[in-house]
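Colleague: next one to model:
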Amino acid sequence: MTTFTAVENISRRNVLKLFGAVGGGLVLGSTSLAWSPMALAQDKQALMNLFVAIGEDDKVYLTCHRSEMGQGIRTGIPQILADELEADWDKIVVVQGLGDKAYGDQNTDGSRSIRKQYKKMRQMGAMARTMLEQAAADKWKVPLTEVYAKQSRVHHKGSSKSLRFGELAVAASAIKVPDIETLTFKPDSEFNFIGKPKTIVDMDDILAGTAMFGYDINVDGMVYASITRPPVLGSDVATLDDSAARKVAGVLDIIQLPVPKGAPLFQALGGVAVIASNTWSAMEGRKALKITWTKSVNDSHDTTQYLADLVERVKQPGKVMRQLGASVDSWPAESTINAVYTVPYLTHAMMEPPVATASVTADGCEIWASTQTPQSTQQNVAGVLGLAEDKVKVNVTLLGGGFGRKSKPDFSVEAAMLSQKLNKPVKVSWTREDEIQNGYYHAISAQFYQAKLDKNNQPQAMLARTGFPSISSTFAEGVDLPSAGELDLGFVDVPLALPQIQLEAVKATAHTRIGWMRSVCNIQHAFGIGSFMDELAVKANKPCLQMWREMLGEARKETLADQGFEYGNYGETLEDHPIDVGRYHNVLDIMEAKLVKQAPLLKNQGWGFAIHRSFTTYVAVATLVEVKDNNLKVLKSIAAIDAGLVVNPDRLKSQTEGAIIFGLSLAMMGEISFKDGQVQQSNFHDYPLLRLPQTPDIEVIHIQSTANPAGVGEPGVPPVAPSLTNAIFAATGKRYRDLPLNKVLSV
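Modeller: Alright, predicted model coming up:
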């Protein structure tokens, strides 16, 4: 299979030039498929969404408009297109889409690429196939019903006649694009690629070291920048002595960047940039800078005190966000059980830190970036440069991980600002220290849970409060309550079958940039409810799985109706992606059947369990630990995942394995702490990730489902932490409610 590297981009306007090289062909743009009302209203070219192109040499060019960061989307999107197109996989060329509103939403986050694109990509493939079939029917002068496509050829049912896609491409390109309503789609039983494991299309290039990531970009005449950013959000340069830095060999210039006012948004943080002829000189020059910084309103931020205050706040009444049944005033202490759970600030720690190269000329700006959001990059770069958005071209490279950090284009904005000032291409490379100390952090949080129990210690009602600085504070000043979109994530949407539920939020002021990270607020909310459910089970003297069954109640489609909260459901309708308690039960049953087959426990060992729905996917995680002399060893992790129809099962397995490792890293060792407004961690020595000796045996159970495709990249993370702490309790009798665990255990 031939593939373009991530930087060999072909724009919608240049694709005709490509086919000029092979003598012509079919370029398919959908004139009946509008990707979003907003895109249609803003850009009439939204009607020309280019995803399929065919050359006379039979090559099939399939455009992937999402960003590849290891999740396999540059394979998944072509699998859908090629299947409905009836293309020969060996003839496919994957084209990386540029940042362009014509594609509709290009944000590669929220575990939504397949979930949102599955039906649309099938439509695009079916359109192209229908046009090729019509071209063949016209040539043979037979009805369309007598022809069919298969393996990049169109065949005649009544004879042995067939034509290659390449032979039909020019004629097909003159045929009117069919309306969606007239299309026919393959039955699932005839899928060639959808639902089948596929090695990612970039694998050979990655293994050979020829794949192009953000750090691999090299533009003629470019210079390199390393930036010292303010150590406290809102501070600015007070004094600067750059005399020593300018003497470092290779250093070309020193440029001070302005500190933006107001909410952080996706603006550059400001600071001092060292420009050099190579990366090493830029970093060495940066070390020689002598800078003092101005005061900031965030100078006093101290996580120890902040978390202590937040814990006290969640113990007091907050703003009611969802209520079922009577209002909770107070319950007698002897009839309740309660607990508080905390999670610290966290950061993404992807292997490739942010990097972007920009070239600003009189004609506009061209960006090469490892970005999850090319359109946001285009918009923000255009804004800071004073350009029209169509004057900013965004090339998407492969990403060495993202986890949500590369959805924020501040690093591309930095490169564009410096290129404009220097009138030459500039590459801005963040170091690991930059990434850890100047990120968009997952919010520090505290949660309070309380349940009213009957005489048999069975829960009859529940009260819960959550408190954390909101992501919305990054976009507007003065925000101190979580948004509905954050409370949607594992807090208001747990479908407990209790007659009385009251869910509240408390205020929390932001003192740093808050952003989304892999699974977002599900991280803390799953830890809270997953831990508390285990505590309820212990109190009632029953297995945690059984407590979940009883608390979820009978199989049903939960709507959360008439409970004072409009649920966002990850941007999906409840008709297409219901909160299906029956699917919860099925995952519970499958996990229970798996656990009864496990070997008997040895001394100091214990299993822990948690289940969570996020990004419309249902995941249960069971963790086996051993704790000896305060040393924690995670022995095994089993995940059972129901993600609806899965396009590439190989990616489901790898993404879930990665989610478990990610979740264990956070639960065991993840912590960003602030003192005097500054991040205290700097690299992997004090913000460690799971090492091989710490990694358990991992088993992933893929639950086959005919439900609509759901998320895969993020849903495996949330149940990991509670399953781990529940396992530790099973092994030791000690309950840990505060993360990370390396504060109390040797990991």
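
Colleague: okay, and the beta partners of K675?
Modeller: Q678 (DSSP bridges).

Colleague: hey, which helix or strand in the chain has the poorest pLDDT?
Modeller: Ranked by mean pLDDT, DSSP states H and E, the helix or strand of the chain with the weakest confidence is helix 37-42, at a mean of 27.

Colleague: name every strand pairing with the helix or strand just after it and say which way it goes.
Modeller: Next helix or strand after helix 37-42 toward the C-terminus (DSSP states H and E): strand 49-55. Strand pairing for strand 49-55, using DSSP bridges, gives strand 25-30 (antiparallel), strand 60-64 (antiparallel).

Colleague: tell me the pLDDT at S445?
Modeller: The model reports S445 with a pLDDT of 98.

Colleague: tally of neighbours for the residue nearest to F411 when sequence neighbours are not counted?
Modeller: Nearest residue to F411 in three dimensions, chain neighbours excluded: P354, at 3.9 Å (CB to CB, 6 or more residues apart in numbering). The C-beta positions use only the backbone N, C-alpha and C, and glycine is treated the same way. For P354, the count of nearby residues is 29 (other CB atoms under 10 Å).

Colleague: which one of the strands paired with strand 49-55 has the poorest average confidence?
Modeller: strand 25-30 (a mean of 50).

Colleague: residue contacts, the residue positioned nearest the centre of the chain?
Modeller: The residue lying closest to the centre of the chain (CA atoms, centre = their mean) is D109, at 3.6 Å. By CB atoms under 8 Å, 6 or more residues apart in numbering, the contact set of D109 is 372-373, 402, 404, 407, 516.

Colleague: is it in a helix, a strand, or coil?
Modeller: Using DSSP: H, G, I helix; E, B strand; the rest coil, the structure places D109 in coil.

Colleague: report pLDDT for it.
Modeller: pLDDT, D109: 96.

Colleague: got the phi/psi numbers for it?
Modeller: Backbone torsions for D109, taken as degrees, to the nearest 10, come to phi -160, psi 180.

Colleague: chain neighbours aside, what residue packs nearest to it?
Modeller: The shortest distance from D109 to any non-neighbouring residue, by CB to CB, 6+ apart, is to S407 (4.9 Å).

Colleague: repeat that for K247.
Modeller: In space, K247 is closest to A288, 7.7 Å off (CB to CB, 6+ apart).

Colleague: my read: that neighbour touches A245, true?
Modeller: Yes: counting by CB atoms under 8 Å, A245 is a contact partner of A288 at 4.1 Å.

Colleague: who has more neighbours out of the two?
Modeller: Per other CB under 10 Å, whichever of A288 and A245 has more neighbours is A245, with 23 against 16.

Colleague: which SS class is the more buried one?
Modeller: A245 ends up helix, using three-state DSSP.

Colleague: ok, it touching V251?
Modeller: Yes: with contact defined as CB under 8 Å, A245 reaches V251; the gap is 6.1 Å.

Colleague: where do the contact lists of these two overlap?
Modeller: Looking at what touches both A245 and V251 (by CB under 8 Å, 6+ apart), the common residues are 274, 285.

Colleague: and the residue nearest to F411, how far from M124?
Modeller: From P354 across to M124, the span is 32 Å (CB to CB, to the nearest Å).

Colleague: about what we covered before: and the pLDDT at the residue nearest to D109?
Modeller: Per-residue confidence (pLDDT) for S407: 98.

Colleague: please list all residues in contact with it.
Modeller: 107-109, 371-373, 376, 515-516.

Colleague: of the residues you listed, which is the most crowded?
Modeller: T371 (33 neighbours).

Colleague: can you tell me the closest non-neighbouring residue to it?
Modeller: That would be T377: by CB to CB, 6+ apart, it lies 5.0 Å from T371.

Colleague: and the contacts of the helix or strand harbouring the one you found?
Modeller: Element membership for T377 (DSSP H and E) is helix 374-385. With CB under 8 Å, 6+ apart as the contact definition, helix 374-385 has outside contacts at 67, 97-101, 105-107, 265-268, 358, 360, 365, 367, 369, 371, 387-389, 391-392, 394, 396, 407, 409-410, 412-413, 416-417, 420.

Colleague: quick one: mean pLDDT for that helix?
Modeller: In the prediction, helix 374-385 has an average pLDDT of 98.

Colleague: C-alpha coordinates for the very next helix or strand once past that helix, CSV please?
Modeller: Proceeding N to C from helix 374-385, the next assigned helix or strand is strand 392-396, under DSSP H and E. What follows is strand 392-396, C-alpha atoms only, in CSV (Å, rounded to 0.1, in the frame of the first residue of the first chain):
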residue,chain,number,x,y,z
VAL,A,392,-3.0,30.7,6.7
LYS,A,393,-2.2,27.2,5.4
VAL,A,394,-1.9,24.5,8.1
ASN,A,395,-0.1,21.3,7.3
VAL,A,396,-0.7,18.5,9.8
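
Colleague: angle of strand 392-396 against helix 374-385?
Modeller: 140 degrees (axes from the mean of the first three to the mean of the last three CA atoms, to 10 degrees).

Colleague: ok so, going back, and which of the contacts of S407 is nearest D493?
Modeller: Nearest to D493 among these, counting by CB to CB, is W516 at 17.0 Å.

Colleague: residues contacting that closest one?
Modeller: The contact partners of W516, by CB under 8 Å, 6+ apart, come to 109, 404, 407, 440, 442, 471.

Colleague: same check on R313?
Modeller: Contacts for R313 (CB under 8 Å, 6+ apart) come out as 446, 467, 506-508.

Colleague: backbone dihedrals for it, please?
Modeller: Taking degrees, to the nearest 10 as the convention, R313 sits at phi -70, psi -40.

Colleague: now it: how far from V492?
Modeller: 19 Å.

Colleague: likewise F448?
Modeller: 15 Å.
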